[in-house]
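1. sequence unknown, structure follows:
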């Protein structure tokens, strides 16, 4: 079977009449001449209308000038002077360590009355019982 591959054809044959590079200057000059002719024709055409238009003048608005009162700038009272920065003064006193006891316990029943405490405990117990029943099912 014969393979149909495209081969590079280095010998491209061209007709000299179809090459536009030969006629470049002639084509450029004819384009310029046609453009100049189009512009001169457009300027020579009479585009005035045959109707006569009546121009009416509208009365102009009267602009009144208002006097603007010159504003005065008030003098501001200067701010008070800044207090002097504290300067560390050496002392011979020894500062003792103070121990702070922090109680991390949270007792929600301390400020409630007896009845409120009882109601709160019963509600919490009921909620816990419901959660246990639901989780066991």
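-> Here it is on my side, so go on. Every value quoted in this text rests on a predicted model; they were computed, and no experiment measured them.

2. show the average pLDDT along the helix or strand in which residue 40 is found.
-> Here residue 40, judged by DSSP states H and E, is contained in helix 24-44. The pLDDT scores in helix 24-44 average 95.

3. Three-state assignment for residue 82, please.
-> In three-state terms, and counting by DSSP: H, G, I helix; E, B strand; the rest coil, residue 82 is coil.

4. next one: the helix holding residue 40 to chain centre, how far?
-> Here helix 24-44 is found 51 Å from its chain centre; the criterion is Cα atoms, centre = their mean, to the nearest Å.

5. just checking, next helix/strand downstream of that helix?
-> Next helix or strand after helix 24-44 toward the C-terminus (DSSP H and E): helix 114-136.

6. need the three-state assignment for the residue nearest to residue 16 when sequence neighbours are not counted.
-> Of all residues not flanking residue 16 in the chain, residue 22 sits nearest, at 6.8 Å (Cβ to Cβ, 6 or more residues apart in numbering). Where you see a C-beta, it was placed from the backbone N, CA and C, and this is true even at glycine. Put simply, residue 22 is helix when judged by three-state DSSP.

7. what count of nearby residues applies to residue 22?
-> Residue 22 has 10 neighbouring residues, counting by other Cβ atoms under 10 Å.

8. what do you get for the one 3 residues further on?
-> Burial of residue 25 is recorded as 8 neighbouring residues (other Cβ under 10 Å).

9. can you give me the distance of it to residue 84?
-> 92 Å (Cβ to Cβ, to the nearest Å).

10. same check on residue 18?
-> From residue 18 to residue 84 the distance is 99 Å (Cβ to Cβ).

11. for residue 107, give me the pLDDT.
-> 64.

12. any low-confidence regions in the chain?
-> 1-12, 89, 93, 95, 103-115, 117, 136-137 (pLDDT under 70).

13. go again using 80 as the cut-off
-> 1-20, 48-53, 87-120, 135-137 (pLDDT under 80).
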